[in-house]
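Q: sequence isn't available, so here's the structure alone:
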């Protein structure tokens, strides 16, 4: 996601391996989920990752932040309000 557009790279019904995984175990234990195909489990099975672009100077453009808010609102309408974790 940047100041001009948001892209859905992974369909919302697929698992993206993006969160809460480390050798020592999950950083946030309440986000650990398991499935037969992924017995170690973690937040990847029950969360959606949202990535934002930074500007060349390392800042996040205000339009990118506004677009992120819109995406989060859309996801909340679809899935209900859930905790949001920043990493």
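A: Done, it's in. In this text, all values refer to a predicted model and were calculated from it rather than measured experimentally.

Q: OK, contacts around the spatially most distant residue from the centre of the chain?
A: Distance from the centre of the chain peaks at residue 57, with 23.7 Å (C-alpha atoms, centre = their mean). The contact partners of residue 57, by C-beta atoms under 8 Å, 6 or more residues apart in numbering, come to none. C-betas here are computed from N, CA, C, even on glycine.

Q: please tell me how far it sits from residue 64.
A: 13 Å (C-beta to C-beta, to the nearest Å).

Q: same check on residue 86?
A: 14 Å.

Q: more neighbours: which of those two?
A: residue 64 (19 against 4; other C-beta atoms under 10 Å).

Q: does the more buried one sit in a helix, a strand or a coil?
A: State at residue 64, reduced to three classes by DSSP: H, G, I helix; E, B strand; the rest coil: helix.

Q: what is the burial count for the closest residue to it other than its chain neighbours?
A: Spatial nearest neighbour of residue 64, chain neighbours left out: residue 3 (4.8 Å); criterion: C-beta to C-beta, 6 or more residues apart in numbering. Around residue 3 there are 15 other residues, counting by other C-beta under 10 Å.
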